[in-house]
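# Build me a model:
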Amino acid sequence: MKKTTVDKSSEQESYVAKYLDAWRTPRSGGGLSRKGDVYDEYSLFECKTYMERRESFTVKKEWLEKLDRERSEDRKALGILVINFGGNGNEDNHVVMKLEDFEALYNDYKHRREPSEE
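Numbers count the residues shown, from 1 in each chain. The predicted model follows:
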């Protein structure tokens, strides 16, 4: 049986939630549930995928604006767009986020990797 767009989206959302030890929002596009496709105590994730394998991915500014608005309303520190280029499986997920959010994560990562001065 051929997968529907809803099936493909649900598969990606479930994968992301499990991978990040977060929660999936069932029927997140329905308008009556909580915001975001996936969430945890710090972050709100919006997931987008294509049905068929693609070599490029169009990111719409309105997705990022909506994600930022919902992240703020939900009092989350990070809003992250997870994109998938389609096809079989979930091996090709990537993230899009604000540079300032990435900077905070990157600086924390660097700080943890620096040798301690003792």
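# so L20 makes contact with D37?
No - applying Cβ atoms under 8 Å as the test, L20 and D37 come out as separate, 11.6 Å apart. All C-beta spots, glycine's among them, are computed from the backbone N, C-alpha and C.
# Which neighbours do those two have in common?
F45 (Cβ atoms under 8 Å, 6 or more residues apart in numbering).
# More neighbours: those two, which one.
Higher neighbour count among L20 and D37: D37, with 26 against 15, using other Cβ atoms under 10 Å.
# Pull up the per-residue confidence for the more buried one.
Looking at D37, its pLDDT stands at 94.
# pretty sure it contacts Y15?
No - using Cβ under 8 Å, D37 is not in contact with Y15; the gap is 11.1 Å.
# What ranges does the chain have for its helices?
Ranges of helices in the chain, per DSSP state H, are 5-19, 61-73, 99-113.
# same for the last one, what does it pack against?
Using 3 or more Cβ pairs under 8 Å, 6 or more residues apart in numbering; DSSP states H and E as the contact definition, the elements that helix 99-113 packs against are strand 78-84.
# Could you tell me the angle between the strand it packs on and helix 5-19?
Orientation check (axes from the mean of the first three to the mean of the last three Cα atoms, to 10 degrees): strand 78-84 against helix 5-19 gives 120 degrees.
# Strand 78-84 pairs with which strands, parallel or anti?
strand 43-49 (parallel), strand 93-96 (antiparallel) (DSSP bridges).
# who touches stretch 78-87?
Stretch 78-87 is contacted by residues 8, 12, 16, 37-38, 42-55, 57, 59, 63-64, 67-68, 70-71, 90, 92-98, 101, 105 when judged by Cβ under 8 Å, 6+ apart.
# Out of those residues, which end up buried?
8, 12, 16, 37-38, 43-50, 64, 67, 70-71, 90, 93, 96-97, 101 (16 or more other Cβ atoms under 10 Å).
# re the thing from before, any chance of the strands paired with strand 78-84 in a markdown table, with distance to F85 and mean pLDDT too?
Listed next are the strands paired with strand 78-84 as a markdown table, based on distance: least, Cβ to Cβ, whole Å; pLDDT from 0 to 100:
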| stretch | distance to F85 | mean pLDDT |
| --- | --- | --- |
| strand 43-49 | 8 | 96 |
| strand 93-96 | 8 | 95 |
